[in-house]
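[1] what shape does this take:
(one chain, ligands or ions: 1)
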Amino acid sequence: MMKGIQDYYPDHFGQCYGCGRLNEHGYQLKTAWDGEETLTRFTPSAYHTAIPGSVYGGLLASLIDCHGTGSAALALAKEKGIQLEGFNAPRCVTGSLQVSYKKPTPIDSTLEIRGIIKEVKGKKVVVEIRLLSKGEVCVTGEVIAIQVPDDFGK
Ligand SMILES: CCCCCCCCCCCC(=O)SCCNC(=O)CCNC(=O)[C@H](O)C(C)(C)COP(=O)(O)OP(=O)(O)OC[C@H]1O[C@@H](n2cnc3c(N)ncnc32)[C@H](O)[C@@H]1OP(=O)(O)O
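    Sure, this is the predicted structure:
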């Protein structure tokens, strides 16, 4: 599996249901750069169904949520020139999450969640997100992520 920004969060940040590397019941998302965009992949299971053949919208929102905060952390690391090693990643939480469902999301394919960094201003990062299934954009969204201090959540 590819390495993501989440692999550089310390243990107390590793329990997140969406992206915590230490949460055995969670999605364990990995968010990484793919050129100028950020990318996360997720393969839904049959039990993630909403309407037959389509992925449950709440799951899709949470994928956008965690991909957004991961993307924001990557953007802050880049902006500050931080070389990722050990557990030194900047960490962000969700301030706001906006989701727009454009068409039903086919469940029988690996999903791609792609982020574009729209703004970095101090500790605030705005990320525009597209979620694709079978190469088609099914959901779009925007996450405003806010950097938190290293001891946040301890
Ligand atoms: C170990 C832990 C687990 C962490 C788990 C691992 C990480 C993955 C996270 C996964 C995603 C989640 O589910 S996170 C969980 C859901 N989210 C939360 O519980 C967050 C709860 N909210 C908070 O703790 C706080 O409100 C913060 C940290 C978001 C912001 O507080 P703050 O740091 O005092 O922010 P503040 O200085 O006032 O504002 C800085 C800039 O951000 C903007 N801003 C502030 N809040 C918001 C907001 N809600 N929506 C839009 N924008 C906002 C302000 O306008 C300002 O912009 P400007 O004037 O400079 O332009």
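
[2] contacts only, for the most centrally placed residue in the chain.
    The geometric centre of the chain, computed from its C-alpha atoms, lies nearest to His67 (CA atoms, centre = their mean), at 0.9 Å. Neighbour list for His67: Leu29, Thr31, Thr38, Thr40, Ile113, Gly115, Val127, Ile129, Val143 [criterion: CB atoms under 8 Å, 6 or more residues apart in numbering]. Bear in mind the C-beta positions are built from the backbone N, C-alpha and C, glycine included.

[3] which one of those residues has the most neighbours?
    Neighbours here mean other CB atoms under 10 Å. Within the contacts of His67, the largest count is held by Thr40, at 30 neighbours.

[4] okay, and that one sits in which element?
    Counting by DSSP states H and E, the element that carries Thr40 is strand 37-42.

[5] show residues contacting that strand.
    Taking CB under 8 Å, 6+ apart as the rule, strand 37-42 contacts 4, 27, 29-33, 63, 66-67, 70-71, 74, 110-117, 127.

[6] how many neighbours does the residue of the chain found nearest the ligand have?
    Going by CB to the nearest ligand atom, the ligand is nearest to Gly153 of the chain, at 2.3 Å. Using other CB under 10 Å, Gly153 is surrounded by 13 other residues.

[7] tell me the pLDDT at it?
    In this model, Gly153 is scored at 83, pLDDT.

[8] so it: helix, strand or coil?
    coil (DSSP: H, G, I helix; E, B strand; the rest coil).

[9] what are the phi and psi values for it?
    Dihedral pair for Gly153: phi 90, psi 0, per degrees, to the nearest 10.

[10] contact partners for it?
    Gly153 neighbours (CB under 8 Å, 6+ apart): His12, Phe13.

[11] got it, and Glu36?
    Ile116.

[12] give me the three-state assignment for the residue lying farthest from the centre of the chain.
    Centroid-distance maximum for the chain: Pro52 at 25.3 Å, with CA atoms, centre = their mean. Three-state assignment for Pro52 (three-state DSSP): coil.

[13] direction included, what does the strand holding Thr40 pair against?
    Strand pairing for strand 37-42, determined by DSSP bridges: strand 32-34 (antiparallel), strand 111-121 (antiparallel).
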